[in-house]
Every structure is written in C-alpha cells, then in structure tokens.
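Colleague: compute the structure for the input listed below.
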Amino acid sequence: MIETLNNKTHIFCFKVIGGKNVMPWLYIIIIALFFLVLILASAIKIMSEYQRIVVFRLGRFVGVKGPGLVFIIPIIDNIIKLDLRTRVIDVPKQRVITEDNVTVDVDAVVYYRIVDPEKAVIEVQRYDIATSLQAQTTLRDVLGQQDLDELLSKREELNKSLQTIIDSATDPWGIKVSAVTIRDVSIPEEMLRAIAKQAEAEREKRARIIIADGEFQASKKMTDAAKLYEKTPMALRIRELQTLSEIAREGNLIVVPGGDIGKVAGIAKAVNEKPKKK
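Modeller: Next comes the predicted model:
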C-alpha cells in the first residue's frame, strides 16, 4: 500500500504542479533543442584547403567561402562545393582525317583546374562536361589541319597549340587548362606498310649517300698521295714493297704489276722464302 501511494504521488508530481500540466512543455523543449542542434550542424561547414563553396542566398550570389570554418544560414542559403585541385580528362579516341586524307584515331589527356569558382558555377552549367567536349572538338579541328608526318613528328608543338586553344575557350568559365598531351595515334595497317617502305627507302638513300661520300673523300686522299708519290718515286717503291710483303704474309697468290719483273720477282721470292736452319 505504501508503494501504491508513492507511485501515485510520483505521477501526481509530474502531472500537476501548481495546477499546471508540465509534461507537454518538456516534450516541446526536447524537440526544440533537437532541431536547434540540427540547425547548428547544418550551419557550420569545415572546408579543406583545396575546397571552396559558392553561396547563394535566396537565389542570389553572395560570395565564395573557404577554406576553414564557414557559417551559412540553413534553408535560406544554398551552397555548391568545388574542388580546386588539378583534374584529368581522358579524351576518348577521336577519328581525324588529316590534311593529306589519312584517317587516324587519336586520343589525348587534358589537365585542368578551377581558378575562379564563381565563374565555374555561374557562367557554365557543367564545367567538367563542357571542358571535355571542348577538348574533343579542338582535338579534331587542330589535328585535321596537319599532315600525317607533322602529326607524328611534331607532337610537342601540337600539344602546346591544343593547350593554348582550349585554355582560351575555357577561360570565361574560370577554368585553367595547364597541359594537353596526345597519348596515342592509331594508324591503319595499310598505311603502316607504306610508312615502313618509305622508311626503308629513306635509309637506303642515306646509305648510298654515305658510300658515295666515302668514295669521294677516298679519291681526294688518293689524288693527294699520287701527287706525293710523283714527287718522290722512292716512296712509291717502298709502298709497293710493303704491299707485296703483306700479301706474302697471308700465303696468297701474288700478282706482280708491270715494271722491272726480274727485280720484283726476286724480291717476292726472297720474301716468301723461309729462313733456313743452320
């Protein structure tokens, strides 16, 4: 009976204090505190060093905030978060017809980053898609004005040209294109065979030029030597003996030129004879 009285007293204390109902007010306070915590949590944003948020208040642009601790007005403010780090676009393979009517497939890589968050949000709907499509269009237009030989040999110049054109087109959007790299150029099989034949012919031409240049230089040296031998006949005779000695050393057939055959034959025989043992 004592427990029953205590329970009734406890319930009575919650229900009636001074003739007023307290329980609904307690629920209201708890709910209000809960919503207050939610509002504060949504009003406080922590942005990294490479992040920015573009804030619109009632639909109007009010500024770019970040990095660090940022406060916004919930419900009234609308925010768009942006990443300022360099991004990479893998441009899909584009079929390009070069100036000399050769069809090639070219793909490239584009590096870009956001330098003006306000323009990147306000001036263009989707800056990433717009930049990718601009890169594809520019790739086809620029490479279509080049010959196949220029496309294969002047990649560095073409990369700089593509970077300049794409960057000028994306500058009003607050996008900076830092680099463009042509990654691969796919050439048809029949064109590869033609290029191989051309390369072979080019190497053959270089080889013949080198041989002809060697013959020309050798003839000049022989002409100079002949003039010296003409002035000094004894030097020619010594050179002849050296040649015969080299031939005899290998045991080959000796061909004796015209002249004093007896003397030459005697010298050749003496050279070929082996020293006799005593």
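Colleague: show me the shaky parts of this structure.
Modeller: Low-confidence segments of the chain, defined by pLDDT under 70: 1-23, 248, 250-278.
Colleague: leaving out sequence neighbours, find the closest residue to residue 188.
Modeller: With Cβ to Cβ, 6 or more residues apart in numbering as the criterion, residue 188 has its nearest non-adjacent residue at 6.7 Å, and that residue is residue 103. Quick note: C-beta positions are derived from backbone N, CA and C, even for glycine.
Colleague: quick check: that neighbour vs residue 144, distance?
Modeller: As judged by Cβ to Cβ, to the nearest Å, residue 103 and residue 144 stand 11 Å apart.
Colleague: report the buried residues of stretch 203-211.
Modeller: For stretch 203-211, the neighbour count (16 or more other Cβ atoms under 10 Å) marks no residue as buried.
Colleague: how far does it sit from its chain's centre?
Modeller: 35 Å (Cα atoms, centre = their mean, to the nearest Å).
Colleague: which residues sit against that stretch?
Modeller: Under the contact criterion Cβ atoms under 8 Å, 6 or more residues apart in numbering, stretch 203-211 has no outside partners.
Colleague: cool, stretch 30-42 as well?
Modeller: Contacts of stretch 30-42 (Cβ under 8 Å, 6+ apart): 72, 74.
Colleague: so residue 47 touches residue 72, yeah?
Modeller: No. Between residue 47 and residue 72 there is no contact under Cβ atoms under 8 Å: 11.1 Å.
Colleague: what is in contact with the two at once?
Modeller: 53, 65.
Colleague: domain parsing for the protein?
Modeller: 2-83, 87-187, 232-278 (automatic domain parsing).
Colleague: would a markdown table of these with mean neighbour count and distance to residue 210 be doable?
Modeller: Converted to a markdown table, the domains of the chain look like this (neighbours: other Cβ atoms under 10 Å; distance: least, Cβ to Cβ, whole Å):
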| stretch | mean neighbour count | distance to residue 210 |
| --- | --- | --- |
| domain 2-83 | 12 | 58 |
| domain 87-187 | 17 | 23 |
| domain 232-278 | 11 | 27 |
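Colleague: and those: which comes nearest residue 193?
Modeller: Residue 193 sits nearest to domain 87-187 of all those, at 10.2 Å, using Cβ to Cβ.
Colleague: from the chain's centroid, how far away is the closest one?
Modeller: 12 Å.
Colleague: what's the answer for stretch 179-192, then?
Modeller: 14 Å.
Colleague: redo the domains of the chain as a markdown table? Include distance to residue 217.
Modeller: A markdown table is the format used below for these (distance: least, Cβ to Cβ, whole Å):
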| stretch | distance to residue 217 |
| --- | --- |
| domain 2-83 | 65 |
| domain 87-187 | 31 |
| domain 232-278 | 20 |
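Colleague: which residue ranges form the helices in the stretch 51-200 of the chain?
Modeller: Applying DSSP state H, counting those that start in this stretch to the stretch 51-200 of the chain gives helices spanning 117-122, 127-143, 148-153, 155-170, 189-231.
Colleague: now tabulate the ones you listed in TSV and tack on distance to residue 35.
Modeller: Listed next are these as TSV, based on distance: least, Cβ to Cβ, whole Å:
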stretch	distance to residue 35
helix 117-122	30
helix 127-143	36
helix 148-153	64
helix 155-170	43
helix 189-231	70
